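S.K.: 3D, please:
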Amino acid sequence: MSDYVLAIDQGTTSSRAIVFDRSGRVVSVGQQEHEQFMPQPGWVEHDAMQIWQHVQEVIGTALGRADLTGHDIAAVGITNQRETAVVWDRRTGLPVHRAIVWQDTRTQDIVDRLAADGGTDRFAPITGLPLASYFSASKIAWILEHVPGARERAEAGELLFGTTDSWVLWNLTGGPEGGVHVTDVTNASRTLLMDLRTLAWREDLLEAFGIPAAMMPEIRSSSEVYGVAETSSLLRGTPIAGILGDQQSATFGQAAFSAGESKNTYGTGCFLIFQTGEEIVHSANGLITTVAFQLGDGPAHYALEGSIAVTGSLIQWLRDQLGLIRSAPEVEQLARTVPDSGGVYFVPAFSGLFAPYWRPDARGAIVGLTRYSNRGHIARAALEAVAFQTRDVLDAVNADAGVPLTELRVDGGMVANEALMQFQADLLGVPVVRPEVTETTALGAAYAAGLAVGFWSGLDELRGKWREDRRWEPALDPAERERRVRAWRKAVTKSMDWVDDDTV
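M.R.: Okay, here's the model as predicted:
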C-alpha cells in the first residue's frame, strides 16, 4: 500500500521535492537552487534544462532520505512559479531561449503597444488581469519576435509553450516521446490568454499577442490524473495527479477553501489570496481576479489576489548585492539592533510596483535617510517594507470584498522571522497565524494529487489536518499605526514616475 504523496515545488529560486504522509506532515525534502540570469537591467531568466535536471535530482534526494521507492508514492503533485514562460521544441525537448521569469520587465513595450487601444484594463473583464509584463503572454510574444525562426517554427506546430508546471510534467511523462502537454486552470489564469468563465484559451487574445494556438497546453483541472511518470526511473508508473500555481497551492495547503478565507505567502515575492468561492469578483482597487482551484469535473473556485513583486528577494539583495548581511536570517538580528526604522522607508520597486498600484515606471527608493541612519535602520526598513506592502494589499481586499479580515494565515520562508510577523500584526491590527506545517505550497499540490487518487477523502478531511503553531497579536497603538502607514504611502509616491526617456 502506498502511504505517501510526493510534491514537486518548482519555485523561483529553487526546485524541491517533498514527501508527505497521510497526516500532511513532511517526511523528507530534497532541494536544489538554480541560477538566476540577469543579462540586462529588468531582465530575469532561468535555464529550463537546469531546472529539469534539478527536479530529477531532488526527487531522488527526497526518496532516498526517507528510504522510499516509487512504489511507496500514491501520486505526485506539481506546484510552480507562475507566469514564467518556457518555449521549447516538441521534437528535441530543447528550449529555444532561456525561460523568461515572472519578475522580468523587458516586455513593457509590447504591453504599452496593446494598452494603447483600450488601456491596461483592456482584457480584464475576460481574464481578470491588467495588461502587465508580469503575465506570460507578452513573454511568449517577445520570444516569438526576437528568437530567429521562432515564429515560423511556432506556426508550423514545432514549438510548445508552458509555465514551469507544464515543462516539468511534459518531461516527467516522456518528453519528446509522448510527453503530456497540459497545464491547470490556476496557471492558465495567469497568462492573460484564458477566459475566466469558460476556462478556455481565447482565440482573440492569442491573436492580439500573435501567439499560435498550437503552442498552448491543454487546460485541465487542478486535481486529476494527467499521466504517469516515464522518464524518472524512481517514479516510473506513478500517477501525476495534481497541479496548482504556487500561490493557489499555498492557499490550498492552508485549508483555506471557502469564500472569505485567505492566506499570505512570504517568499521571493508576497502573495495574498482571498477566496471568493464560485463567484468571479472583479476588483475596483488594484487586485487581480484569478482561479483558485478546480477539483476534477467540479466547478472552478475563484479568488482575489494581491501580488507583490519584491519581499524575500529584497533580503537576498541586501545579502548578495550590498553585502549588508552574510545570510538571510541575519537580517532579523541586524534589524533588532535598533528600536525602529529611524524614519527610514524602503520601497523595493525593483520591477516596478505590482498590486495595488501597478506602476511599471516605479523603481526602488530608500527615503528618510539622515546622518543618524545606520545599517540596522536599513535592515529594519527592508523588513517593514514587506509588512507595509501587505497592508496596502489587504486594504484593497477589504475594500473589494466588503468583509473585514479577522486574522491572516501566513506561510513561506519569511514567516520564521518573528520580528517581521509581529510588525505585520501591528500594522494590520489583526492576529497573524502561522501553521505547524509551513511548507504549505508543496502541501497544497500534495493534497490536490492525493484527492485525485483517493488518498484523502475530501476537503473536510484536509481541513481537520490544519494545526496552528504560533499567533501574533497586534500591540501597536492604532494612531501610531496609521501615522506609519501614511509615511509609507508618501515614500511610495517618491518611487513613481522614475522611468522615462532619461532612464534605462
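
S.K.: Strands of the stretch 51-200 of the chain, start to end?
M.R.: 73-80, 86-89, 99-100, 159-162, 182-184, 194-195, 200-201 (DSSP state E, counting those that start in this stretch).

S.K.: Please name the strands paired to the longest one in the sheet, noting orientation.
M.R.: Using DSSP bridges, the strands paired with strand 73-80 in its sheet are strand 4-10 (parallel), strand 239-245 (parallel).

S.K.: export those strands to TSV and tack on mean neighbour count?
M.R.: In this view, the C-beta of every residue, glycine as well, is placed from N, C-alpha and C. Converted to TSV, the strands paired with strand 73-80 look like this (neighbours: other Cβ atoms under 10 Å):
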stretch	mean neighbour count
strand 4-10	29
strand 239-245	30
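
S.K.: who wins for proximity to Ser373 among these?
M.R.: strand 4-10 (37.9 Å; Cβ to Cβ).

S.K.: Could you look up the next helix or strand downstream of that closest one?
M.R.: Sequence order places strand 14-20 as the next helix or strand after strand 4-10, per DSSP states H and E.

S.K.: what angle separates the helix or strand following that following strand from strand 4-10?
M.R.: Downstream of strand 14-20, the first helix or strand assigned by DSSP H and E is strand 26-33. Orientation of strand 26-33 against strand 4-10 (axes from the mean of the first three to the mean of the last three Cα atoms, to 10 degrees) gives an angle of 20 degrees.

S.K.: Show me where this protein dips below the pLDDT cut-off.
M.R.: 1, 503-504 (pLDDT under 70).

S.K.: sorry, back to before: of the strands paired with strand 73-80, which approaches Trp88 most closely?
M.R.: Comparing those by Cβ to Cβ, strand 4-10 comes nearest, at 15.0 Å.

S.K.: how big is the angle separating the closest one from strand 14-20?
M.R.: 170 degrees.

S.K.: Please put the alpha-carbon coordinates of strand 4-10 into CSV.
M.R.: Presented in CSV, the C-alpha positions along strand 4-10 are these (Å, rounded to 0.1, in the frame of the first residue of the first chain):
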residue,chain,number,x,y,z
TYR,A,4,2.9,8.8,0.9
VAL,A,5,2.4,11.6,-1.7
LEU,A,6,5.3,13.5,-3.3
ALA,A,7,5.1,17.1,-4.3
ILE,A,8,7.4,18.8,-6.8
ASP,A,9,7.7,22.5,-5.9
GLN,A,10,9.4,24.3,-8.8
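
S.K.: what about it, distance to the chain center?
M.R.: 16 Å (Cα atoms, centre = their mean, to the nearest Å).

S.K.: cool, stretch 175-184 as well?
M.R.: 22 Å.

S.K.: oh, and call the first residue 564 from now on, that's how I've got it
M.R.: Got it, first residue is 564 now, which makes that one stretch 738-747.

S.K.: Can you name the residues in contact with it?
M.R.: By Cβ atoms under 8 Å, 6 or more residues apart in numbering, the residues outside stretch 738-747 that reach it are 653-656, 723, 725-726, 728-729, 732-737, 780-785, 789-790, 793-794, 803, 806-808, 857.

S.K.: buried set for it?
M.R.: By neighbour count on 16 or more other Cβ atoms under 10 Å, the buried set for stretch 738-747 is Gly738, Gly742, Val743, His744, Val745, Thr746, Asp747.

S.K.: Those residues into TSV, with extra columns for distance to Ser699?
M.R.: Shown next, in TSV, are those (distance: Cβ to Cβ, whole Å):
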residue	distance to Ser699
Gly738	21
Gly742	19
Val743	19
His744	15
Val745	15
Thr746	10
Asp747	14
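
S.K.: Pick out whichever of the residues you listed sits closest to Ala763.
M.R.: Nearest to Ala763 among the buried residues of stretch 738-747 is Thr746, at 12.2 Å by Cβ to Cβ.

S.K.: in the sheet, who's paired with that closest one?
M.R.: Here Thr746, judged by DSSP bridges, has bridge partners Ile782.

S.K.: any idea how far Gly725 is from it?
M.R.: As judged by Cβ to Cβ, to the nearest Å, Thr746 and Gly725 stand 6 Å apart.

S.K.: so what sits against both of the two?
M.R.: Common neighbours of Thr746 and Gly725 (criterion: Cβ under 8 Å, 6+ apart): Pro780.

S.K.: The stretch 964-1067 of the chain: helices as residue ranges?
M.R.: Using DSSP state H, counting those that start in this stretch, the helices of the stretch 964-1067 of the chain run over residues 981-991, 1003-1015, 1022-1026, 1041-1058.

S.K.: Tell me which residues are up against the longest one.
M.R.: Outside of helix 1041-1058, the residues within contact range by Cβ under 8 Å, 6+ apart are 906, 908, 910, 912, 916, 920, 922, 925-928, 930-931, 951, 954-955, 989-990, 992, 1037.

S.K.: Go again with 6 Å.
M.R.: Defining contact as Cβ atoms under 6 Å, 6 or more residues apart in numbering, one finds that helix 1041-1058 is touched by Tyr908, Val910, Ala912, Ala925, Ala928, Val930, Phe951.

S.K.: With stretch 938-947 instead?
M.R.: Outside stretch 938-947, the residues that reach it (Cβ under 6 Å, 6+ apart) are 877, 894, 897-898, 900-901, 904-905, 907-909, 983, 986.

S.K.: Apply 8 Å and report the result again.
M.R.: Against stretch 938-947 from outside (Cβ under 8 Å, 6+ apart): 877-878, 881, 887-888, 894-895, 897-901, 903-905, 907-909, 911, 929, 980, 982-983, 986.

S.K.: Stretch 872-880 now?
M.R.: If you take Cβ under 8 Å, 6+ apart as the criterion, stretch 872-880 is touched by 576, 666, 697, 829-833, 888, 891, 894, 909, 911-917, 927, 945-946, 948-949, 952, 975-977.
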